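Asker: sequence plus predicted model, see below.
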Amino acid sequence: MDLQIDEFYKDCAAALLQLYQVFPRRTALYVEDLIGVEEPDEFGLPSKRHLSCLGALLWLAEEGYLRFDATIRYEALDQAVLSEKGFVRLSRSVAHALPGQADIPAAVLRVQSTLAWQLREALASGHSERVARLTRLLFESNLHGASDTV
């Protein structure tokens, strides 16, 4: 089992959702807000977990899911915002991932069928396998060609 990959999916999902919540405003994206406080090592350097989360944030930027102006030491990305790619992927519908709910009003169904809503629910429930599946779905460019079952 590759625990660092599960953490990567969770970190990416949490970061993108945090930016989605304030979109289109820019904000500082702090590692501690995503993973909690991690004690530095005996030399005062950030923990491996902390650096992995920061690495995930930088990877998201390199792959075009978000933009930022600068890093704040090892602590955060300053003036971070979702890119068009990140926003479109999070706001697209993944209605097939919803359990059957025929009596829901259309406006509620539209919101609850977004990938952002589904990721938020998966993170809140602590369901790591669902977080991984939905995050992989986020990274796919063609939703309809997805072979993953959510």
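Answerer: Thanks, I have the structure now.

Asker: and the helix or strand of the chain with the lowest mean pLDDT, how far out from the chain middle?
Answerer: The least trusted helix or strand in the chain, going by mean pLDDT, DSSP states H and E, turns out to be helix 106-112, with a mean of 73. How far helix 106-112 lies from its chain's middle: 21 Å, per CA atoms, centre = their mean, to the nearest Å.

Asker: with only the CA atoms kept, save the helix or strand just after that helix in PDB.
Answerer: Downstream of helix 106-112, the first helix or strand assigned by DSSP states H and E is helix 115-125. Only the C-alpha atoms of helix 115-125 are listed here, as PDB (Å, rounded to 0.1, in the frame of the first residue of the first chain):
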ATOM      1  CA  LEU A 115     -17.200  16.900  -8.200                       C
ATOM      2  CA  ALA A 116     -16.500  19.500  -5.500                       C
ATOM      3  CA  TRP A 117     -19.600  18.400  -3.500                       C
ATOM      4  CA  GLN A 118     -18.700  14.700  -3.800                       C
ATOM      5  CA  LEU A 119     -15.100  15.300  -2.800                       C
ATOM      6  CA  ARG A 120     -16.200  17.400   0.200                       C
ATOM      7  CA  GLU A 121     -18.600  14.600   1.300                       C
ATOM      8  CA  ALA A 122     -15.800  12.000   0.900                       C
ATOM      9  CA  LEU A 123     -13.300  14.000   2.900                       C
ATOM     10  CA  ALA A 124     -15.800  14.700   5.700                       C
ATOM     11  CA  SER A 125     -16.700  11.000   6.000                       C
END
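
Asker: other SSEs contacting helix 115-125?
Answerer: helix 3-22, helix 84-91, helix 128-139 (3 or more CB pairs under 8 Å, 6 or more residues apart in numbering; DSSP states H and E). All C-beta atoms are positioned from the backbone trio N, CA, C, and that covers glycine.

Asker: now do the buried residues in that helix.
Answerer: Leu115, Ala116, Trp117, Gln118, Leu119, Arg120, Glu121, Ala122, Leu123 (16 or more other CB atoms under 10 Å).

Asker: what is the neighbour count of Glu75?
Answerer: 16 (other CB atoms under 10 Å).

Asker: so what's it up against?
Answerer: Glu75 sits next to Tyr30, Val31, Glu32 when contact means CB atoms under 8 Å, 6 or more residues apart in numbering.
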